[in-house]
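K.L.:
Predicted structure and sequence below. I'll ask about it afterward.
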Amino acid sequence: MLELGRTIYRPTNLASEIIEQRAKAQKVVAKALEVLKLEVPDTFLGRKHYEIIPLPDRDE
């Protein structure tokens, strides 16, 4: 049983909502394609970008 004061959402123009949702989905897909075209970042943690600074108490 419905409580008084509550209304059920009934879209009046479903075609326009479908068009809006499709446009949003197309924007998301376009952005995803742009991101996929970028170079893959180098995330290898073992890569050496600098010389190791020797510690005074170690002989290596």
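P.N.:
That came through fine.
K.L.:
okay, now Glu51: neighbour count?
P.N.:
Applying other CB atoms under 10 Å, we find 6 residues neighbouring Glu51. For the C-beta atoms, the positions are set from N, CA and C on the backbone; glycine is no exception.
K.L.:
where's it, which helix or strand?
P.N.:
Under the criterion of DSSP states H and E, Glu51 resides outside all helices and strands.
K.L.:
try Ala15
P.N.:
Per DSSP H and E: helix 14-37 holds Ala15.
K.L.:
Pull the residues that contact that helix.
P.N.:
Pro11 (CB atoms under 8 Å, 6 or more residues apart in numbering).
K.L.:
what about the residue positioned nearest the centre of the chain, distance to Ala25?
P.N.:
Nearest to the geometric centre of the chain sits Ala32, at 8.2 Å (CA atoms, centre = their mean). The span separating Ala32 from Ala25 equals 11 Å under the rule CB to CB, to the nearest Å.
K.L.:
go on, Arg10?
P.N.:
23 Å.
K.L.:
neighbour-wise, which of these two wins?
P.N.:
Set Arg10 next to Ala25 and count neighbours by other CB under 10 Å: Ala25 wins out with 10 against 6.
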